[in-house]
Every structure is written in structure tokens, then in C-alpha cells.
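Asks: What would the 3D arrangement of this be:
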Amino acid sequence: MAHRLPPGLDDGGWVAMFAGVVMPAAVLCALGVMDLGRFVALRDSVQAAADSGAREAVRGLAEEAVKQRIRASLEAQAAGLGQWESLTVSLSDADATFATVEVSVSFAGLLPYGSAPMVIGQGRARAFCVPPASRWVPVTEACSEGQSGSVSYEQEEEGFCSSPTSAPGWRATQNRQNTVSTCDGG
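Replies: Numbering: from 1, shown residues only. Down below sits the predicted model:
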């Protein structure tokens with residue numbers, strides 16, 4: 001049995017109907033994918049800028065300098081994506097051991113309709129402890145009981161970290177040098 005088309009439609013009619021219904025949907029999907037790709041690229045740039053800013057804050061870069069670097073970085077990376085509506089950078093908990101940076105961007109032209117979406121990235125960085133090299137510290141002690149004078153020497157101390165995120169500290173070793181005793185037999 002042969003397949004029959006509805007009355008009034010030949011093979012060209014089906015093609016026209018297919019093109020009229022499916023093609024606009026395919027075009028809208030393709031445009032959505034392009035905007036989704038731009039959104040993802042912007043999101044990655046915002047997150048990378050927040051992470052970088054947090055690391056710079058922990059390293060001691062001033063807050064205003066961190067903000068300027070983030071703005072410059074995002075403007076350079078997103079130059080081909082359109083126009084910024086707003087860009088907000090905020091630092092919190094910024095000190096020598098920990099910093100949080102939040103970057104919020106409202107980006108016009110990312111979607112063909114509606115309000116500009118807000119893209120947010122939050123970066124956190126913690127300083128990792130790097131122990132300092134050893135040092136020699138002068139020490140002076142009293143003589144034993146019944147003696148007058150003192151004993152002076154240099155005590156070696158080594159740098160150490162109690163944890164990867166702690167501040168470095170010092171602890172004495174058993175090494176001494178340049179010992180001088182003024183104790184008398186008294």
C-alpha cells in the first residue's frame with residue numbers, strides 16, 4: 001500500500017511546513033546556545049578574577065589595587081562580549097592569612113530580551129605557611145646557684161609551620177655557638 005499525503009499537499013508542501021515550523025525553533029536554539037556560551041565565558045572570567053583578587057589580597061596588595069586589577073582584567077577579557085551595566089568588587093576578611101573577594105557583574109546584551117543577568121564569582125584564598133630559614137638568637141642565662149656572672153651564647157632556632165595555613169613560628173634546636181661564661185667559683 002502506498003503512502004498517501006493529505007489532499008492538497010504534495011512533497012513540496014511538507015518541506016515548506018517543516019521549514020516554517022522547525023527552522024525558527026532551530027534558529028532560536030542556536031542563538032540561545034551562543035548567549036549561553038557567552039554567559040559561561042563571562043562566568044569563568046568573573047570567577048578567575050575573584051580567585052586572583054583573593055590571592056593578591058593575601059599577598060598584601062592594597063584593597064583598592066586589588067579592585068583595579070580585577071576591573072582591568074575583566075574589561076580586557078570581556079571586550080568582545082558587549083557592554084557592562086555594573087561591576088562591583090568587594091573584599092572581606094582581607095589580612096595576611098585569609099581573604100574573600102566577591103565580584104558581581106551585570107552585563108547588558110548577554111540576553112536578547114529581559115534585564116541583564118547578574119554574574120557572580122566569589123574567590124577565597126588562604127595563605128600557605130612557608131617556614132623561614134633558621135636563625136641564631138642571643139641568649140644570656142644566670143650562672144648556677146652560688147656563682148656570680150652569666151653565661152651567654154647564641155641559640156639556633158628553626159622556622160616551622162604547625163599547619164599548612166598557620167603563621168610560621170620559631171622553635172629552639174639543640175645547637176649553640178659562641179658560648180661565653182663569666183661565672184666565678186664564688
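
Asks: Can you report the mean pLDDT over the residues of the longest strand belonging to the chain?
Replies: In the chain, taking DSSP state E as the definition, the longest strand is strand 169-181. What strand 169-181 shows for mean pLDDT is 92.

Asks: Kindly state the beta-bridge partners for residue 89.
Replies: Under DSSP bridges, the beta-bridge partners of residue 89 are residue 103.

Asks: same check, this time on residue 158
Replies: residue 171.

Asks: dump the residue contacts of it.
Replies: 131, 134, 170-171, 173 (C-beta atoms under 8 Å, 6 or more residues apart in numbering). C-beta: built from backbone N, CA, C; applies to glycine.

Asks: And the strands in this protein?
Replies: Using DSSP E, strands in the chain cover 83-92, 98-108, 118-126, 135-142, 150-160, 169-181.

Asks: gap between residue 53 and residue 133?
Replies: 30 Å (C-beta to C-beta, to the nearest Å).

Asks: Neighbour count for these two, which is higher?
Replies: residue 53 (30 against 6; other C-beta atoms under 10 Å).

Asks: Just the pLDDT for the more buried one.
Replies: pLDDT, residue 53: 82.

Asks: count of neighbours near the closest residue in space to it that isn't next to it in sequence?
Replies: Counting by C-beta to C-beta, 6 or more residues apart in numbering, the nearest residue to residue 53 once its immediate chain neighbours are dropped is residue 101, at 4.0 Å. Neighbourhood size, residue 101 [other C-beta under 10 Å]: 29.
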